[in-house]
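> Let's see this in three dimensions:
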Amino acid sequence: MAGAKKNFKATKKFEKKHLKGVLDQRKATAKIKQRAQLKSKKQVKKSKDAEFFKGGEDAETSNKANGTKRTANVNDMSVDDFFGGGFEIIEKSQSNKKASKKLGKRKRDEPNEDESASDEGSDIDISADELPVASDSEGSEDEGVDDVGMSKDAMDALAEDDPEFYKFLKENDPEALEFDDADLAEVDELSASEEEDQPKKKRKKEKKQAKADDDEDEEVTAENELTQSMVARWKTALSEKQSLRAARQVVLAFRSAAHLNEDDDDAERRQPYKISNPEVFHDILIVALKQIPEVLQHHVPIKESSFGKVQVPTDSKKFKTLSNLLRSYVSAILHLLDTLSDDATLKLTLSAITPLIPYLLSFRKLLKNLIKSVVGFWSQSTSSDSTRITAFLVLRRLVVVGDKGVREAVLKATYQGLIAGSRVTNVSTIQGINLMKNSAAELWGLDQNIGYTTAFAFIRQLAIHLRNSIVHNQNESYKTIYNWQYIHSLDFWSCVLAEHCSPLKEAESGKESQLKLLIYPLVQVTLGAMRLIPTALYFPVRFHMIRSLLRVSRSTGTYIPLASALFEVLNSAEMKKSPKPSTIKPLDFHVAYKAPKSYLRTRVYQDGVGEQVVELFSEYFVLWSTNIAFPEFALPVIIMLKRWLKQSRRKTGGNNNNKVRAGLVLLVQKLEANAKFIEGKRAKVDFSPKDRAQVDAFLKDFEWEKTPVGAYVVAQRKAGAEKAKLLEQARKEDERKRKEEEQEALEENAAELESDDEEMEDLDEVDEDEDEDSDEE
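Take a look at the predicted model:
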């Protein structure tokens, strides 16, 4: 029992003091062994791929050196010669040590002399005859494994396959994970092969000029400093010869410019060029963004059909060689976009992506990052209209030339960006949000098969949110519906259906739009959402949704009953009773979905609601102002409006708001006049209601603006546009005054701080004088 207790204490002591170190040492040893296994696997792979073995040259060299006829090739020796000649150390041929200059590869430190001596003195040596010789195309990759840095692809593969070993190498041997621009060096080889096709004299002259330029660069740029002369020379080579070697240098310099504000320690690797002159930075950006796409299109031309399908020769040797340059260039652009704020530079950078999109379809990961970045600029509230339009052109190009997966990804990312960008809606952002909705609506019509599936999924999601809010009737459940993102979503889908389901669009395409099936579910969801909370506080959101449905009805010719939703507003307690006088600012219904409680029962709010009701009634009836059934269609509404006006004139319990009553009286007059106009026109026809073709053709070519209701709506729209213009001017003037006041306040604060500093300096001088006087005494 004592022995077991003693062993237990020893075990505890070992675990406490030594176990962690032993485990760490074992792990380190295991990973070093794993690294050695990787090296051995590479050597075995090279030996399998080699086409011949070194033998003849080494044998002749060793015979001459020893002065004997005995061969140094072990494969050619007999057993007797091998054992009779002793164990001779067979040295490698000097020719085997000669290697081509590495492009972009990083060498490790040479082994110590002590280690090489111990290797030479070992008992068993591997003959040079047993080492494989690779083909000429493998060039610099045939030297020892220790002399070759890892490529980026190999590093990424190692990080995915064995993250623990990758972490070990990163901590203990970071040089093994370094990679350089070896992939881009293939561009130089391709450029050199193209130069061989030129005439001999011209090739000789260009080589001499290139050598002189290289010498000049070495003298001027001792520390890889990028200069304007270098950029100008590259620009000339790109414009005149479409030089790939110059393109490679421009991409490297552009990548350095994109990572300009990063420290060498923070960056993944040291950049090949240093840029300290802002003019050089500007020049390299202009050259890279304007001329690199042209060079790529020259060497790898794109064939585009009339249907928008593109064909890129991805199997060609040039494309495979230039793919690394393309990836590096686009990655630098995406990195640069995150650091830019100037509209002109942003527009130039985004426009440089558009011609490269067909080449990027093969690189899915890079394309995903590109879509995310471009959608971010398109949906940012701080982006200008020109930046949004340029970003939208990139997205449109992706939908046009991309396959099904790319199109679906772009549509989903665009919708998510729209929802994220419409979270904050005010006077300053509403214009940008409307631009996003109108531009994004175009994308859903480019491929209506994918457009239908994505639109159906998103409209279904809105319906699920509405159902959950109705079923789980809790205190805050309605907030998932009554917010700007939900309102803009419904309005966006109304824009999509209005644009692609119109009779004009269907006539152009020659077939019925697939998106037309989505009109019914969208209308049902919108009607359910507007009636979720039928209180006066949420009248603005009801008006927003009615406008969305009016857009669908106007463009598609679909009848949507909206009069009852407007009568619910008139019959509410807010509009039946007389309002209280108030001096608060009128509510802007275009940028509000909820009225503040301070506006309830006030004359300002009631006047605004009355104007909205009259405007929406007139916009609703003008859609059917030329319809043959307009008199019967408008009669119930005319009767109910007259009944409401009669009740409002009561001395007790009525509404004495003359402004609201005057607007409704004028609306009733216009409806009655339009009904009489239609009755007069249809009294002259000679067909019956069963003749559907002639009924539909009734006043088909008659302009709706010339009807009584149409003329009233035209005047109403004109007055509304002038009012909106005046409000916008007033808003800009208030904003200008506010900025001036803020600037004056900042200047006053700066002046006060300066005066305080002067007073403090005077006090310090006084204190110093007093101290000196006290020291003298």
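
> Which positions in stretch 326-340 come out as buried?
For stretch 326-340, the neighbour count (16 or more other C-beta atoms under 10 Å) marks Leu326, Arg327, Ser328, Tyr329, Val330, Ser331, Ala332, Ile333, Leu334, Leu336, Leu337, Leu340 as buried. C-betas here are computed from N, CA, C, even on glycine.

> cool, and stretch 30-37?
Lys31, Arg35.

> Show me how far that stretch is from its chain's centre.
41 Å (C-alpha atoms, centre = their mean, to the nearest Å).

> I'd like the numbering to begin with 18 instead of 1 from here.
Happy to do that; since the first residue is 18 now, the last one works out to stretch 47-54.

> average pLDDT for that stretch?
For stretch 47-54, mean pLDDT rounds to 85.

> Now it - C-alpha only, CSV.
Output in CSV follows, covering the C-alpha atoms of stretch 47-54 (Å, rounded to 0.1, in the frame of the first residue of the first chain):
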residue,chain,number,x,y,z
ALA,A,47,6.8,14.3,-34.5
LYS,A,48,6.3,17.4,-36.6
ILE,A,49,9.9,17.4,-37.6
LYS,A,50,9.6,13.8,-38.7
GLN,A,51,6.5,14.8,-40.6
ARG,A,52,8.4,17.5,-42.3
ALA,A,53,11.1,15.0,-43.2
GLN,A,54,8.5,12.7,-44.6
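
> In the protein, which residue is most central in space?
Ser390 (2.1 Å; C-alpha atoms, centre = their mean).

> residues touching the nearest residue to it once chain neighbours are set aside, list them.
Setting aside the residues directly before and after it, Ser390 is nearest to Leu351 in space (C-beta to C-beta, 6 or more residues apart in numbering), at 5.3 Å. Neighbouring residues of Leu351 by C-beta atoms under 8 Å, 6 or more residues apart in numbering: Asn386, Leu387, Ser390.

> Need the three-state assignment for the nearest residue to the first one once chain neighbours are set aside.
Once flanking residues are discounted, Asn386 sits nearest to Leu351: 5.9 Å by C-beta to C-beta, 6+ apart. Under DSSP: H, G, I helix; E, B strand; the rest coil, the three-state class of Leu351 is helix.

> so where is the stretch 118-267 of the chain shaky, pLDDT-wise?
Per-residue confidence for the stretch 118-267 of the chain (pLDDT under 70) gives these ranges: 118-173, 175, 182-183, 185-240.

> For Phe271, see how far away Thr244 is.
15 Å (C-beta to C-beta, to the nearest Å).

> What of Ile406?
25 Å.

> got it, and Thr399?
Using C-beta to C-beta, Thr399 is found at 25 Å from Phe271.

> Have a look at those two and say which one is more surrounded.
The neighbour comparison of Thr399 against Phe271 (other C-beta atoms under 10 Å) goes to Phe271, with 22 against 9.

> tell me which element that one falls in.
helix 261-275 (DSSP states H and E).

> Measure how buried Leu633 is and give me the count.
20.

> Mind giving me the packing neighbours of whichever strand or helix holds it?
Per DSSP H and E, Leu633 falls inside helix 620-639. Secondary-structure packing of helix 620-639 (3 or more C-beta pairs under 8 Å, 6 or more residues apart in numbering; DSSP states H and E): helix 556-573, helix 580-587, helix 590-593, helix 647-665, helix 675-699, helix 725-793.

> Other residues contacting the third one?
With C-beta under 8 Å, 6+ apart as the contact definition, helix 590-593 has outside contacts at 553, 556, 586, 617-618, 622-623, 626-627, 664-665, 670, 672, 677.

> give me that answer again for 7 Å
Ala553, Val586, Leu617, Arg618, Gln623, Val626, Asn672 (C-beta atoms under 7 Å, 6 or more residues apart in numbering).

> I'd like to know which of those residues are buried.
Ala553, Val586, Leu617, Arg618, Gln623, Val626, Asn672.

> Sort out for me which of the contacts of Leu351 are in helices.
Per DSSP state H, helices hold the following members of these: Asn386, Leu387, Ser390.

> Mind putting the residues you listed into CSV with distance to Ser64 and pLDDT?
Formatted as CSV, these follow (distance: C-beta to C-beta, whole Å; pLDDT from 0 to 100):
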residue, distance to Ser64, pLDDT
Asn386, 40, 93
Leu387, 42, 94
Ser390, 45, 94
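
> Now distance to Ser379 too, for the residues you listed, in JSON lines please.
Below are the ones in helices among the contacts of Leu351 laid out as JSON lines (distance: C-beta to C-beta, whole Å):
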{"residue": "Asn386", "distance to Ser379": "15"}
{"residue": "Leu387", "distance to Ser379": "13"}
{"residue": "Ser390", "distance to Ser379": "19"}
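
> Run through the neighbouring helices and strands of the strand or helix carrying Lys307.
Using DSSP H and E, Lys307 sits within helix 295-316. With contacts taken as 3 or more C-beta pairs under 7 Å, 6 or more residues apart in numbering; DSSP states H and E, helix 295-316 sits against helix 245-258, helix 261-275, helix 334-354, helix 360-370.

> Show me which of those has the highest average neighbour count.
A comparison of the helices and strands packed on helix 295-316 by mean neighbour count, using mean count of other C-beta atoms under 10 Å, puts helix 261-275 on top with a mean of 24.

> Could you export that helix as PDB, CA atoms only?
Extracted in PDB, the C-alpha atoms of helix 261-275 (Å, rounded to 0.1, in the frame of the first residue of the first chain):
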ATOM      1  CA  LEU A 261       3.900  41.200 -70.400                       C
ATOM      2  CA  ARG A 262       7.100  41.800 -68.700                       C
ATOM      3  CA  ALA A 263       6.100  45.400 -68.200                       C
ATOM      4  CA  ALA A 264       2.600  44.300 -67.100                       C
ATOM      5  CA  ARG A 265       4.200  42.100 -64.400                       C
ATOM      6  CA  GLN A 266       6.200  45.000 -63.000                       C
ATOM      7  CA  VAL A 267       3.200  47.300 -63.100                       C
ATOM      8  CA  VAL A 268       1.100  44.700 -61.200                       C
ATOM      9  CA  LEU A 269       3.900  44.400 -58.600                       C
ATOM     10  CA  ALA A 270       4.100  48.100 -58.200                       C
ATOM     11  CA  PHE A 271       0.300  48.500 -58.100                       C
ATOM     12  CA  ARG A 272       0.200  45.900 -55.400                       C
ATOM     13  CA  SER A 273       2.800  47.900 -53.400                       C
ATOM     14  CA  ALA A 274       0.700  51.000 -53.900                       C
ATOM     15  CA  ALA A 275      -2.400  49.100 -52.600                       C
END
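
> For that helix, which helices and strands make contact with it?
helix 199-212, helix 245-258, helix 295-316, helix 334-354.

> Taking helix 295-316 as reference, get the angle to it.
140 degrees (axes from the mean of the first three to the mean of the last three C-alpha atoms, to 10 degrees).

> from the chain's centre, how far out does helix 261-275 sit?
Using C-alpha atoms, centre = their mean, the distance from the centre of helix 261-275 to the centre of the chain it belongs to is 23 Å.

> got it, and stretch 493-508?
With C-alpha atoms, centre = their mean, you get 25 Å for stretch 493-508.

> any idea of the mean pLDDT in it?
Mean predicted confidence for stretch 493-508 is 93.

> Show me the contact partners of that stretch.
436, 439-440, 442, 450, 454, 479, 482-483, 486, 542-543, 546, 549-550, 555, 558, 561-562, 565, 610-611.

> Could I have the buried ones of the residues you listed as PyMOL selection syntax?
Here is the PyMOL command that selects the buried residues among the contacts of stretch 493-508 (16+ other C-beta under 10 Å):
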select buried, resi 436+439+442+450+454+479+482+483+486+542+543+546+549+555+558+561+562+565+610
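
> Can you flag which of the contacts of stretch 493-508 belong to helices?
Per DSSP H, these map to helices at 436, 450, 454, 479, 482-483, 486, 542-543, 546, 558, 561-562, 565.

> Need the pLDDT of the residue nearest to Tyr610 when sequence neighbours are not counted.
Sequence neighbours aside, Val558 is the residue nearest to Tyr610 in space, at 4.2 Å (criterion: C-beta to C-beta, 6+ apart). On the pLDDT scale, Val558 is placed at 96.
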